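Enquirer: Okay, sequence plus prediction incoming.
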Amino acid sequence: MRFLVRIQPTVQGGNKLIKDPQGIQKLESYYKKIKGESAYFYEQNGLRTFEFIIDLPSVDKIPSIAEPMFQEYDAKIEFHPVMVFGDLKKAISKKK
């Protein structure tokens, strides 16, 4: 199932990432480990925000995705199931 994973490190956690000479490489390694399909970086509500689209084979994988960000950057993390147009078309065709 495809999920949008929104990650918001605390200000201190974000500063830690930025100040670490290997910070961006660590984030990229994390992204590859979770097999991200796409990544977006922006500000939301005054916080650095990262969003990754991932395909999650089962929900028991959530801790392995969330814990590194909780522990390393004191981040707030949200998981939202999302659909692409093909999924939406399939869902709507079943309603008819």
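Expert: Perfect, thanks for sending it. Residues are numbered from 1 along each chain as shown.
Enquirer: Could you list the low-pLDDT ranges of this structure?
Expert: Where the chain drops to pLDDT under 70, the residues are 95-96.
Enquirer: Going along the chain, name the strands of it.
Expert: Along the chain, counting by DSSP state E, strands occupy 2-8, 38-44, 47-55, 76-81.
Enquirer: Let me have the ones you listed in a markdown table, adding mean neighbour count and distance to residue 67 as columns.
Expert: Placement of C-beta: from N, CA and C, glycine included. Shown next, in a markdown table, are those (neighbours: other Cβ atoms under 10 Å; distance: least, Cβ to Cβ, whole Å):
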| stretch | mean neighbour count | distance to residue 67 |
| --- | --- | --- |
| strand 2-8 | 19 | 12 |
| strand 38-44 | 11 | 19 |
| strand 47-55 | 18 | 15 |
| strand 76-81 | 13 | 9 |
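Enquirer: Save the ones you listed as TSV, and put in distance to residue 20 too.
Expert: Putting these into TSV (distance: least, Cβ to Cβ, whole Å) gives the following:
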stretch	distance to residue 20
strand 2-8	16
strand 38-44	16
strand 47-55	14
strand 76-81	19
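Enquirer: Tell me which of those lies nearest to residue 27.
Expert: For residue 27, the closest of the strands of the chain is strand 47-55, at 7.5 Å, according to Cβ to Cβ.
Enquirer: Give the other helices and strands that that closest one contacts.
Expert: strand 2-8, helix 11-19, strand 38-44 (3 or more Cβ pairs under 8 Å, 6 or more residues apart in numbering; DSSP states H and E).
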